[in-house]
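Chemist: Quick one, structure for this:
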Amino acid sequence: MPKLTISDLKPGMRLLKPVTNPSGMVLLTDGLELTEGLIDRLRKMEIESVFVRGGNKLTRPKDVLLSELDYRFKKTETEPQMAVLKRILADHIAGLYEDDGL
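Modeler: A predicted model of the protein is given here:
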């Protein structure tokens, strides 16, 4: 189940999971087909990402991507700013696989 940022959404995509606000109230139901208007509304509500049906399949295991991330940041592990950037990327990778069982 791909999790896409709002900027990657296209009209015609269908929600795999309901979109909720921080208190758990359902804003959009699962199965709903996205329109340009709904995508704009999500953007205005500052929703960062949603789960959609189909889309880009994750073809590489999460542990492989995280290992590559470790390798790419190895030379900069003592720099605090790079550690923050690495953590942000690792969280992003983990979020792509959230609830996917991978």
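Chemist: What is the burial count for residue 45?
Modeler: Close neighbours of residue 45, defined as other Cβ atoms under 10 Å, add up to 12. Every C-beta, even on glycine, is put in place using the N, C-alpha and C of the backbone.
Chemist: Let me know the helix or strand that the spatially closest residue to it that is not a sequence neighbour is in.
Modeler: Nearest non-adjacent residue to residue 45, counting by Cβ to Cβ, 6 or more residues apart in numbering: residue 27, 7.0 Å away. Assigned by DSSP states H and E, residue 27 falls within strand 26-28.
Chemist: what does that strand rub up against?
Modeler: With contact meaning Cβ atoms under 8 Å, 6 or more residues apart in numbering, strand 26-28 is reached by 15, 18, 19, 20, 21, 38, 42, 45, 47.
Chemist: what's the neighbour count on the residue nearest to residue 45?
Modeler: Neighbours of residue 27 under the rule other Cβ under 10 Å: 14.
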